[in-house]
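Just to be clear, the model below is a prediction. Sequence and coordinates:
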Amino acid sequence: MNGIEMAVRDGATIAKRNVIKIRRVPDLLIFTTLSPIMFVLLFAYVFGSSIEVPGMSYREFLIAGIFTQSVIFGATWTGLGLAEDIQKGFIDRFRSLPMAQSAVLVGRTTSDVLINVVSLVVMSLAGLAVGWRIHTSLLEAAAAYVLLLLFAYALSWVMAVVGLWIRTPEVYSNASFMVIFPLSFIANTFVPTTNLPTVLRVIAEWNPVSAVTQAVRELFGNTNPALVVPDVWPLQNPVVASIAWIVGILVVFVPLAIHRYKKAVSR
């Protein structure tokens, strides 16, 4: 068996372990699903009354942004899980087993995608309840969900690097929020980028979160000609830009995460 086959096989075993852990600790899944519902209700009914989006309902504009923000939050579980495994000594146990070193990372990132699947299902139901609708074909809608999950998977590798670097769950939680809050809010997730000050607008227009959010809006049909899309390449070509961001993140952070993991287990 070659290295890739071993990594996939062992990664699947680790992913199964992590899913079983979620089943044994249901609080984790409950709070993961309650959080996006809270954001949907908060923005739809509290902030939505004071935010106007040209040519369309704010709730239809909002849901794609909530989807993207939710999968970003879901990606943070990867780093937190790795930091906890290091602190509790599970990584040392894995090191003593005849398994591929990358299997822990593959299993962790894969299992966290499954958490995001559950989160997206719950959030879609919440969105439908507040008035969000899909106006495109089944294939385009499926492509939107796949794009969200791929983006979540790529970000999981980023958060794996952060978790392996910090290695303390409490500190990781604070550090991850310092990363994901600017990433998710300085974007077109909750308001059009045209409403932002100049410096923040430029950052938002080139933020990968904005590209993914815009791609999801277009794939779900939650757009309107009255809502002007900024004349920048990532937002004019959001699907291509999103795929480029996903590939770029994976190319950089998969080897970096494996390198950090090898350093962590060698100590």
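Perfect, thanks for sending it. What you are looking at is a predicted structure, and each value in this text was computed from that prediction instead of being measured. Numbering: from 1, shown residues only.

now Ala187, what's its secondary structure?
With DSSP: H, G, I helix; E, B strand; the rest coil as the basis, Ala187 sits in coil.

list the contacts for it?
Contact partners of Ala187, counting by CB atoms under 8 Å, 6 or more residues apart in numbering, are Gly65, Thr68, Thr193, Ala204, Asn207, Val209, Ser210, Thr213. To be clear about C-beta, it is placed using only N, CA and C from the backbone, and glycine gets the same treatment.

So which of these sit within helices?
Judged by DSSP state H, helices contain the following of those: Gly65, Thr68, Ala204, Val209, Ser210, Thr213.

Relative to Ile180, how far out is the second one?
Pointing back at Thr68 there. Computed as CB to CB, to the nearest Å, the Thr68 to Ile180 distance reads 11 Å.

Also the fourth one?
Noted for Val209: a distance of 9 Å to Ile180, by CB to CB.

list residues touching both of these two?
Shared contacts of Val209 and Ile180, defined by CB under 8 Å, 6+ apart, comprise Ile72.

re the thing from before, return the closest of the ones in helices among the contacts of Ala187 with respect to Ile249.
Here the nearest of the ones in helices among the contacts of Ala187 to Ile249, counting by CB to CB, is Val209; it sits at 11.9 Å.

Grab the nearest non-local neighbour of the closest one.
Excluding its sequence neighbours, the residue lying closest to Val209 (CB to CB, 6 or more residues apart in numbering) is Ala187, at 4.2 Å.

possible to save the ones in helices among the contacts of Ala187 as TSV with neighbour count and distance to Thr223?
Compiled in TSV, those are given as follows (neighbours: other CB atoms under 10 Å; distance: CB to CB, whole Å):
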residue	neighbour count	distance to Thr223
Gly65	26	13
Thr68	29	15
Ala204	24	17
Val209	26	17
Ser210	26	14
Thr213	28	11
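
where does the stretch 1-150 of the chain have low pLDDT?
Within the stretch 1-150 of the chain, the stretches with pLDDT under 70 are 1-32, 89-102.

Show the residue spans covered by the strands in it.
Applying DSSP state E, counting those that start in this stretch to the stretch 1-150 of the chain gives no strands.

just the helices in it please.
Assigned by DSSP state H, counting those that start in this stretch, the helices in the stretch 1-150 of the chain fall at 3-24, 26-41, 58-88, 90-95, 103-130, 138-166.

returning to what we had before: may I have the phi/psi pair for the residue nearest to Val209?
Per-residue torsions, Ala187: phi -160, psi -170 (degrees, to the nearest 10).

Give me the distance between it and Gln236.
According to CB to CB, Ala187 and Gln236 sit 16 Å apart.

same deal with Asp85?
42 Å.

between the two, which one's more packed in?
The neighbour comparison of Asp85 against Gln236 (other CB atoms under 10 Å) goes to Asp85, with 23 against 12.
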